[in-house]
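> Attaching a predicted model along with its sequence, questions to come.
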Amino acid sequence: MEEYRDILNELCRESKTWLITGCACFIGSNLLKVLLKCNQYVVGLDNFSTGSPKNIDDVKNLVNEQQWERFNFINGDIRNACDCDNALMWSANRPVEYVLHQAALGSVPRSIDDPTETNGVNITGFLNVLMALKKSKVKRLVYAASSSTYGDIQDVPKVEHSIGSPMSPYAVTKYANELYANVFHKVYGLNSIGLRYFNVFGPRQNVNGAYAAVIPKWISQVITGQGIIINGDGSTSRDFCYIDNVVQANLRAALIQSETAINHIYNIANGESTSLNALLKFIIAEISTTLKTVSPEIDMQDFRLGDALHSLADIRKAQNFLGYKPQYKVFDGLTKTISWYVNQYK
Ligand SMILES: NC(=O)c1ccc[n+]([C@@H]2O[C@H](COP(=O)([O-])OP(=O)(O)OC[C@H]3O[C@@H](n4cnc5c(N)ncnc54)[C@H](O)[C@@H]3O)[C@@H](O)[C@H]2O)c1
């Protein structure tokens with residue numbers, strides 16, 4: 001399998017054309033940064049419902065002028081079929097070749113509060129993307145699936161072929177994506193790869209609001225001296241995965257040549273288990289050494305509805321078929337992430 005740096009070098013030598021749906025989000029903007037830095041042509045589609053123009057501005061500041069000129073942004077909605085069709089051309093003679101589909105309404109609690117809205121974006125929107133691709137010459141779709149698809153299965157670690165029953169409307173939508181992608185391959189020959197992300201974290205993740213993920217929320221609360229709420233007793237564990245590993249997985253999934261690797265689902269994680277207690281301890285220690293000594297008030301509350309107690313991935317399938325090799329362990333990624341957030345608050 002190719003080394004990741006060789007894949008990046010190869011990309012830099014030959015410009016391809018990409019669509020990133022949800023390009024104003026945390027994961028989408030990090031994909032955008034790496035693709036533009038590799039001199040790729042990129043169309044970005046987002047309706048800014050949870051993503052932010054600031055994420056795109058940040059990327060603009062990280063690339064050079066020529067690289068930035070290779071980016072076309074469409075302010076559009078995947079629930080609108082025309083927006084999906086329009087996003088598949090960078091220009092009249094430059095059709096999109098690879099699609100990295102990130103657009104969705106994330107968050108288990110959001111989907112419990114409003115299942116209809118989540119269903120509309122995550123299922124109808126996804127179907128619109130597939131319908132647009134069916135008519136196009138796109139070589140491959142790589143889409144954001146989710147570890148929530150494991151539902152109530154107790155197996156640890158989670159292996160791709162063995163899933164339980166969904167525990168939230170969000171999980172239903174992400175599983176429906178996998179089913180639709182599979183059917184579009186069988187019926188229409190559309191090639192895709194689904195990446196079941198496990199708790200991704202890193203720079204540009206949203207810290208605000210009721211639906212913020214635990215890592216950016218806690219980092220921001222510790223930096224700003226707020227109290228911390230732990231849902232449960234802190235023994236809940238997750239396979240937290242640093243964003244650069246996820247970017248690597250997307251590029252490998254888009255570019256892998258082997259036929260046996262295509263039209264499969266892969267766990268994308270670190271393969272490491274970290275409890276919420278260990279996570280919080282590390283965040284507090286790291287911020288205390290880099291910024292100021294902190295000792296936030298900690299309030300233990302009930303476990304959250306729809307949340308699995310433990311989530312750990314078996315990543316051997318991605319390693320064997322895609323050549324995926326996580327470059328960052330959890331605490332290495334956390335150190336980089338905390339440093340990024342600390343700079344934001346200076
Ligand atoms: N962050 C994680 O840990 C994680 C874990 C599993 C799966 N995922 C999936 O990864 C993807 C990216 O997630 P994220 O964490 O970067 O943040 P996110 O979920 O906020 O990103 C979604 C992006 O899609 C955009 N969007 C939402 N509805 C849209 C619509 N109707 N039309 C166009 N754009 C729309 C939002 O504005 C946002 O920029 C999502 O599909 C999410 O479900 C994320």
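Okay, I see it.

> Might you enumerate the residues of the stretch 101-250 of the chain proximal to the ligand?
Listed as neighbours of the ligand in the stretch 101-250 of the chain under the rule C-beta under 6 Å from any ligand atom: 102-106, 121, 125, 144, 146, 197, 199-200, 213. Bear in mind the C-beta positions are built from the backbone N, C-alpha and C, glycine included.

> Swap in 5 Å and give it another go.
Within the stretch 101-250 of the chain, the positions near the ligand by C-beta under 5 Å from any ligand atom are 102-104, 106, 121, 144, 146, 197, 199-200.

> In the stretch 101-250 of the chain, what residue spans correspond to strands?
140-146, 192-197, 200-201, 228-231, 237-238, 241-242 (DSSP state E, counting those that start in this stretch).

> So which of these is the most surrounded?
Among these, the stretch with the highest mean neighbour count (mean count of other C-beta atoms under 10 Å) is strand 241-242, at a mean of 27.

> Closest approach to the ligand from the stretch 51-200 of the chain, which residue is it?
Relative to the ligand, the nearest point of the stretch 51-200 of the chain is residue 51 (2.1 Å; C-beta to the nearest ligand atom).

> Which secondary structure state is assigned to that residue?
When classified by DSSP: H, G, I helix; E, B strand; the rest coil, residue 51 comes out as coil.

> ok, it - contacts?
When contacts are counted by C-beta atoms under 8 Å, 6 or more residues apart in numbering, residue 51 touches 22-26, 28-29.

> run the last query once more with 7 Å
Residue 51 makes contact with 22, 24-25, 28, according to C-beta atoms under 7 Å, 6 or more residues apart in numbering.

> What of residue 270?
With C-beta under 7 Å, 6+ apart, residue 270 has these contacts: 239-241, 245, 326, 329-330.

> Do you know the pLDDT at it?
On pLDDT, residue 270 comes in at 96.

> Can you classify it by secondary structure?
Per three-state DSSP, residue 270 ends up coil.

> I'd like the distance between it and the ligand.
12 Å (C-beta to the nearest ligand atom, to the nearest Å).

> all helices in the stretch 1-150 of the chain, in order from the N-terminus.
If DSSP state H, counting those that start in this stretch is used as the criterion, the helices of the stretch 1-150 of the chain fall at 4-13, 26-37, 53-62, 65-68, 81-86, 108-113, 115-119, 126-134.

> Let's have the strands of the stretch 101-250 of the chain in JSON lines, adding mean pLDDT.
Listed next are these as JSON lines, based on pLDDT from 0 to 100:
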{"stretch": "strand 140-146", "mean pLDDT": "98"}
{"stretch": "strand 192-197", "mean pLDDT": "98"}
{"stretch": "strand 200-201", "mean pLDDT": "97"}
{"stretch": "strand 228-231", "mean pLDDT": "94"}
{"stretch": "strand 237-238", "mean pLDDT": "96"}
{"stretch": "strand 241-242", "mean pLDDT": "98"}
